[in-house]
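> any chance you can model this:
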Amino acid sequence: MKKKAFRAALPYSLPICIGFLFIAMSYGFLMRSRGFSVFYPMAMSAFIFAGSMEFVAVELLLSAYAPLHAFLLTLMVNARHLFYGISMLEKYKGMGWKKPYLIFGMCDETFSINCTVTPPDGVDRGWFMFFVTLLNQTYWVAGATLGALLGSVLHFDTTGIEFVMTALFTVMFVNQWEEAKDHRPALTGLGCAALCLAVFGSDGFMLPAMALIIVCFLVSSKSQKKEEPAL
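A predicted model of the protein is given here:
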């Protein structure tokens, strides 16, 4: 059962492997350029496993001790996972001991696979999602560690290297835009983000934008249910 689930999950994770290795290596290079040992990116990628927050954490570790600021910043950067988690409540039911790890290891790419892909016949869904999660995290940890090791022997200007996360999300948005027929959710997200950016500024727009997006989706969902004909 486990081998069958692993073989089914591997092809879905391989495209993510390429992107994760490149971005995680950039993170490892960045950590070494800031003077951290190889242990830091290896441990942080394993125990934090939140790519964008790991990049932000580099500057947090080098700045003055401010736990409240770090907490609020982490909440803003990773607030989207609250919405991921709500949508996965039903899928994670009955997963037993695998459930805590599935929750911990749910990144954007893992969510997109586990939320949309139906495992082949005869493959246990729980093990399939487990191996998707485990493989994706393994790619990230391996890339961060490799980048840190290479950063110990290769030295170059790393200015702007943290932009790789922005580039990744841009590519994901473009791919989803091309694949989806209904662009209203994407346009809603862009509109809410632009509005909150104009009102609250670049330092404080994330949480209001997330909240506004959810409100818009809830209103839209209720409107669609009212328009559906009764059976």
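> can we go C-alpha only for contacts and neighbour counts from here?
Fine.
> buried sites along the lengthiest helix in the chain?
Longest helix in the chain, counting residues (DSSP state H): helix 2-33. Buried residues in helix 2-33, counting neighbours by 16 or more other Cα atoms under 10 Å, are found at 5-6, 8-10, 12-13, 16-17, 19-33.
> what's the answer for stretch 84-94, then?
Of the residues in stretch 84-94, those buried (16+ other Cα under 10 Å) are Y84, M88, Y92.
> check contacts around the first one.
So the one you mean is Y84. By Cα atoms under 8 Å, 6 or more residues apart in numbering, Y84 lies in contact with F111.
> burial of L102, as a residue count?
L102 has 23 neighbouring residues, counting by other Cα atoms under 10 Å.
> V174 too?
11.
> that one is in what secondary structure piece?
With secondary structure defined by DSSP states H and E, V174 is part of helix 164-179.
> rewinding a little: the longest helix of the chain: how far from the chain's middle?
With Cα atoms, centre = their mean, to the nearest Å as the basis, helix 2-33 stands 13 Å off its chain's centre.
> which of the buried residues of stretch 84-94 fall within helices?
Y84.
> between the buried residues of stretch 84-94, which sits nearest W177?
Y84 (18.8 Å; Cα to Cα).
> check what pLDDT that closest one gets.
Model confidence at Y84, given as pLDDT, is 78.
> gap between it and M210?
Going from Y84 to M210 by Cα to Cα, to the nearest Å gives 12 Å.
> now the angle from the host helix or strand of F131 to helix 2-33?
Using DSSP H and E, F131 sits within helix 125-151. With axes from the mean of the first three to the mean of the last three Cα atoms, to 10 degrees defining the directions, helix 125-151 sits at 30 degrees from helix 2-33.
> check which helices and strands helix 125-151 sits against.
Contact analysis of helix 125-151 by 3 or more Cα pairs under 8 Å, 6 or more residues apart in numbering; DSSP states H and E lists helix 2-33, helix 39-47, helix 98-104, helix 108-116 as its packing neighbours.
> and that helix, how far from the chain's centre?
Worked out by Cα atoms, centre = their mean, helix 125-151 lies 13 Å from the chain centre.
> next, the angle helix 108-116 makes with it.
Using the same axes, to 10 degrees: helix 125-151 against helix 108-116 is 170 degrees.
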